[in-house]
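# structure for the following, please:
(one chain, ligands or ions: 1)
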Amino acid sequence: MCGIVGIVGNREVAPLLVDALKRLEYRGYDSAGVATVRDGKLDRRRAEGKLANLDRRLGEEPLAGHVGIGHTRWATHGAPTEANAHPHFCDGVAVVHNGIIENFAPLRTALIADGAVFHSQTDTEVVAQLLAACRKQGMAPREAMQQTLSRLEGAYALAVLFDDQPDMILGARSGPPLAVGHGQGEMFLGSDAIALAPFTDEITYLEDGDWVVITHDHHEIYDHSGQRVERKSQISQGAAYVVDKGNHRHFMEKEIYEQSEVVSHTLSHYIDFAEGRVKFDSAQIDFANLDRLAMSACGTAFYAGLIGKYWFERFARLPVEIDVASEFRYREIPLAGRMAALFISQSGETADTLASLRYCRDNGLTIGAVVNVRESTIARESDAVFPTLAGPEIGVASTKAFTCQLSVLAALALIAGRARGTLSDEDERRCVQALVEVPRLFNEILAAIQPQIETLSRELARFKDVLYLGRGTSFPLALEGALKLKEISYIHAEGYAAGELKHGPIALIDETMPVIVIAPHDRHFEKTVSNMQEVAARGGQIILVTDEKGAAATTLETMATIVLPVLDEIVAPILFALPVQLIAYHTAVFMGTDVDQPRNLAKSVTVE
Ligand code: F6R
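Modelled structure (predicted):
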């Protein structure tokens, strides 16, 4: 959840470290720091809050040195104060850390008993203390690292600097990712390839349990037992992307507007536009011979999976077992018979999703992954990778990754339907034709609904609570709408299956609780209208998100009716995601919240 970077350079590294941290800020942004080694001395600058504060601090008090490490933090242990900000120092050792040291409490107690004095509340500081203790006992850096790692439990990525090693950084990975970047006479470490993109595109990913020594022109990787190992380097795509907002106010806005293009890229990976059919050879999973598909993910990716479940069951008659990954991994689901598993993740690093994947792999299932970062751990540990071609998603609230995930899941459900003989050629062609039109429709719908939603959001911003309702594939969209609104505007919002309304939430309905109903004119429409009647009868205000047919078919008075074109059922959830995203975005902008980096959140959740 934090971002780490290290540079053994041949120029001043503090500005370079900050540049890399800017590209990692999506991982955490409640404090930041950098440290360098120079003339046998460690020095650091740290600051609470956003990276801009550290940048300012460095402007006032520059930090010299050609070798350094940096960190942007998402607090787990201890408040986001300067004292808890990384790098942590102890007797000539500097450490930055991403993840959680689970046994930090007994380690800390033991170190204190041996006379150690701690200066922060973090779990990270035990690593610095352990390394320093090893050095005091006369161990060389490599030996100290090996010894220290053997005492750590949990998930972590580390970068370490020593005051007596002016040309060396050590790194380690157990869980969260860590990449080595190969430059010209310079070497780098980073949480991901995007952080290192300004410096190099040649990347070597450490595997779980690996640790590494980097110098100006050299790297050595060791596995958990201390054996020297070779890991292949690769050319990363991270460098190909320019990470800026263009002429948009926020990354989130830019990413909403990019959806036409990235969904088009993604679909072209799975669909033969000329033939009007799905690309059968992109299946990689033997759908024809499955009895069941297990699916798991977190947050927005989970909601994409929930929509996928409807599609797999409808078009491929394939039963889907789906749960949020934090529950899935501990449920001890019997995974027997002809089953495969599919995991969905933008980052490809989400700890719970990865643990669920490993649970399924240990039970012998074929593993598929719908991922946005192709070099990620989830991608690398899967048998079949189904990429979303969304490009880097920087806004913490997921938008374009979600619609790309939906595009992949829709195509896979059609591929599965074809493999299992449950989808006629005619239906396949109809669905593919509908998918082909999605990129154009994204632009048209955006232009049509954006001004209305901007105005509506001003009204919505007055409320403290909002309810979202939907049936069928609009139910997970209702969940996604509520998640999006709460995470960036901080308005309390809940999503419900419309049929659940009278089983409890109806008690909340009054004029202070607007109800956003997502209801294309599909086979559920009439039933959802009945639920809207129930809301209206209790003084609730309705915002109806529907299509032209739905708008014509309802006479109910609404606070607003947002009208999309009539869409095929397979593309409706992809395009109905747009009003859902825009409502959250404009409400948050109007309220003046930090849209791209909402409080308490982080983009990549590499801890449980
Ligand atoms: C919400 C959001 C999160 C992520 C979730 C999973 O807007 O972005 O709910 O969807 O943390 O992340 P990934 O997809 O990286 O596994």
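# for the ligand, see how far away Ala498 is.
In this view, Ala498 and the ligand are 22 Å apart by Cβ to the nearest ligand atom, to the nearest Å. (Glycine included, C-beta is placed from N, CA and C.)
# contacts only, for that residue.
Contact analysis of Ala498 by Cβ atoms under 8 Å, 6 or more residues apart in numbering lists Leu469, Gly470, Arg471, Phe475, Ala478, Val517, Ala519, His524, Lys527, Thr528, Asn531.
# ok, now Ala411?
Counting by Cβ under 8 Å, 6+ apart, Ala411 has contacts Leu267, Tyr270, Ile271, Val278, Ser282, Leu435.
# now swap in Val571 and tell me
Val571 sits next to Ala410, Ala434, Leu435, Glu437, Val438, Leu441 when contact means Cβ under 8 Å, 6+ apart.
# list the helices and strands the host helix or strand of the second one packs on?
In the assignment (DSSP states H and E), Ala434 maps to helix 425-436. For helix 425-436, the helices and strands in contact under the criterion 3 or more Cβ pairs under 8 Å, 6 or more residues apart in numbering; DSSP states H and E are strand 271-272, strand 277-278, helix 400-420.
# make it 10 Å
Using 3 or more Cβ pairs under 10 Å, 6 or more residues apart in numbering; DSSP states H and E, the elements in contact with helix 425-436 are helix 259-270, strand 271-272, strand 277-278, helix 299-315, helix 400-420, helix 572-591.
# how far off helix 299-315 does that helix point, in degrees?
The directions of helix 425-436 and helix 299-315 differ by 150 degrees, with axes from the mean of the first three to the mean of the last three Cα atoms, to 10 degrees as the criterion.
# which other residues reach helix 425-436?
Judged by Cβ atoms under 10 Å, 6 or more residues apart in numbering, the contacts made with helix 425-436 from elsewhere in the structure are 263-264, 267-268, 270-273, 275-278, 311, 315, 407, 410-411, 413-415, 417-418, 423-424, 441, 567-572, 574-575.
# any of those buried? List them.
Buried residues within those, defined by neighbour count using 16 or more other Cβ atoms under 10 Å: 263-264, 267, 270-271, 276-278, 311, 315, 407, 410-411, 413-415, 417-418, 423, 441, 567-572, 574-575.
# for burial, what's the neighbour tally of Phe280?
Residues contacting Phe280 under the criterion other Cβ atoms under 10 Å number 12.
# quick revisit: mind putting the helices and strands packed on helix 425-436 into CSV with distance to Thr204 and mean pLDDT?
Output for the helices and strands packed on helix 425-436, formatted as CSV (distance: least, Cβ to Cβ, whole Å; pLDDT from 0 to 100):
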stretch, distance to Thr204, mean pLDDT
helix 259-270, 26, 90
strand 271-272, 34, 90
strand 277-278, 35, 92
helix 299-315, 27, 98
helix 400-420, 26, 97
helix 572-591, 36, 98
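# quick one: end-to-end distance for stretch 292-302.
Its first and final residues considered, stretch 292-302 spans 18 Å by Cα to Cα, to the nearest Å.
# and it, how far out from the chain middle?
Shown here is stretch 292-302, whose average C-alpha point lies 13 Å from the average C-alpha point of the whole chain (Cα atoms, centre = their mean, to the nearest Å).
# any part of that stretch near the ligand?
Yes: against the ligand, stretch 292-302 shows contacts by Cβ under 6 Å from any ligand atom at Cys298, Gly299, Thr300, Ala301.
# where along the stretch 101-250 of the chain do the helices fall?
If you assign secondary structure with DSSP state H, counting those that start in this stretch, the helices in the stretch 101-250 of the chain sit at 104-113, 124-136, 141-149, 193-196.
# next, the angle from the longest one to helix 141-149.
Put plainly, it is helix 124-136. 130 degrees.
# could you say what helices and strands helix 124-136 packs with?
Here helix 124-136 touches strand 88-90, strand 93-101, helix 104-113, helix 141-149, strand 154-162, going by 3+ Cβ pairs under 10 Å, 6+ apart.
# repeat that with 7 Å
Here helix 124-136 is seen to pack against strand 88-90, strand 93-101, helix 104-113, helix 141-149 when contacts are counted using 3 or more Cβ pairs under 7 Å, 6 or more residues apart in numbering; DSSP states H and E.
# now do the first one
Counting contacts by 3+ Cβ pairs under 7 Å, 6+ apart, the secondary-structure elements packed against helix 104-113 are helix 124-136.
# buried stuff in the helix it packs on?
Neighbour count says helix 124-136 has Thr124, Glu125, Val126, Val127, Ala128, Gln129, Leu130, Leu131, Ala132, Ala133, Cys134, Arg135 buried, by 16+ other Cβ under 10 Å.
# do the same with stretch 171-181
Using 16+ other Cβ under 10 Å as the burial criterion, the residues of stretch 171-181 that qualify are Gly171, Ala172, Arg173, Ser174, Gly175, Pro176, Pro177, Leu178, Ala179, Val180, Gly181.
# perfect, that will be all.
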